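*Asks:* quick one, what's the 3D model for this:
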Amino acid sequence: VHVATEGPLGWSALRAARALGLPVVSSYHTHFPGYTRHYGLAALGTPIRAWLRHFHRRCALTLAPTAALAGELAATGYGRTGVLARGVDTGLFDPARRDPALRAQWGAHGDAPVVLGVGRLAPEKNWTLALAAWTAIRAALPGARFVLAGEGPQRAALRAALPEATFCGELPPERLAATYASADLFLFPSLTETWGNVTAEAMASGLAVVAYRCAGAAELIRDGHDGALAEPGDAAAFVGAALALALDPDRRARCGAAARHTALG
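*Replies:* Predicted coordinates:
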């Protein structure tokens, strides 16, 4: 039995499987303890960590999306761990889906870059830093455009802070793929991911990605070759890397082409 959630449903499945003598394998998908500080619940971080360890130690194996995370879990008492690698649909997410009409709809003209963010509009995704990077880019390149795809509890606050941005909401797969391919630079400031599917999707779409050196970005991106990485928590470095790529279309294009090549692997 493979259990993909540690909540009540996962606990029920774990108990039933063990009662039947069936081996159980689990996945560690979400850093729940890391979310608590974003919602004023930091005191719950310690008991949540204890619960997760208790749950996963009762499984024969816990699978994580990266070797680094599997090693971290093993070192902190989660029992036997392994890696369940992630892929990306490079047929769906493809630079060939670039759409001039969509860019025109966003108000992007000529070589002015479109900066893109994709994900849940929620505090744990660190959109405050994306906003800071965008502010620096817009000051240097007034013709640039900012596009956000996703829904979440911060939508209203972000719309108020970014009246000039385009908010796409949740998008069906092909529309999302066209949105990636029609942008020029992807910002991913989250520090709470175990992987971050959007990193691979953006790279497959031929975008230079600016991210922190953690989770999937740390495994996929070679800094300066197919994207830019900042050390976790170094907000100034993140903003600086985003601005440098926004100002250099040739470098963006080289990184985007290399990112596509990486994703094809």
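*Asks:* all helices of this structure, in order?
*Replies:* Assigned helices in the chain, in chain order: 8-19, 32-35, 45-57, 67-75, 100-106, 127-140, 155-161, 173-181, 197-204, 215-220, 235-247, 249-264 (criterion: DSSP state H).
*Asks:* what comes up buried for the first one?
*Replies:* It refers to helix 8-19. By neighbour count on 16 or more other CB atoms under 10 Å, the buried set for helix 8-19 is 10, 13-14, 17. For every residue, glycine as well, the C-beta is placed using N, CA and C.
*Asks:* report all helices and strands that that helix contacts.
*Replies:* strand 2-3, helix 45-57 (3 or more CB pairs under 8 Å, 6 or more residues apart in numbering; DSSP states H and E).
*Asks:* just these: most buried one?
*Replies:* For the helices and strands packed on helix 8-19, average neighbour numbers computed from mean count of other CB atoms under 10 Å are highest in strand 2-3, which has a mean of 18.
*Asks:* who's in contact with Pro249?
*Replies:* 111, 113, 184 (CB atoms under 8 Å, 6 or more residues apart in numbering).
*Asks:* out of those, who's the most crowded?
*Replies:* With neighbours taken as other CB atoms under 10 Å, the top of the contacts of Pro249 is Asp184, carrying 24 neighbours.
*Asks:* can you tell me the closest non-neighbouring residue to it?
*Replies:* Using CB to CB, 6 or more residues apart in numbering and skipping residues adjacent in sequence, the residue nearest Asp184 is Pro113, 4.0 Å away.
*Asks:* hmm, who's touching stretch 3-17?
*Replies:* With CB under 8 Å, 6+ apart, stretch 3-17 has contacts from 1, 23-27, 29, 32, 51-52, 55-56, 58-59.
*Asks:* mind running it again at 6 Å?
*Replies:* If you take CB atoms under 6 Å, 6 or more residues apart in numbering as the criterion, stretch 3-17 is touched by 1, 24, 26-27, 52, 55.
*Asks:* and these, which two are the farthest apart?
*Replies:* Val1 and Leu52 (18.1 Å; CB to CB).
*Asks:* tell me the pLDDT of Val32.
*Replies:* Slight slip there: residue 32 is Phe, not Val. As predicted, Phe32 sits at a pLDDT of 69.
*Asks:* try Gly40
*Replies:* So, for Gly40, pLDDT stands at 69.
*Asks:* nearest residue to Ala241 in space, ignoring adjacent ones along the chain?
*Replies:* Ala241's closest residue in space is Ala228 (CB to CB, 6+ apart), at 3.9 Å.
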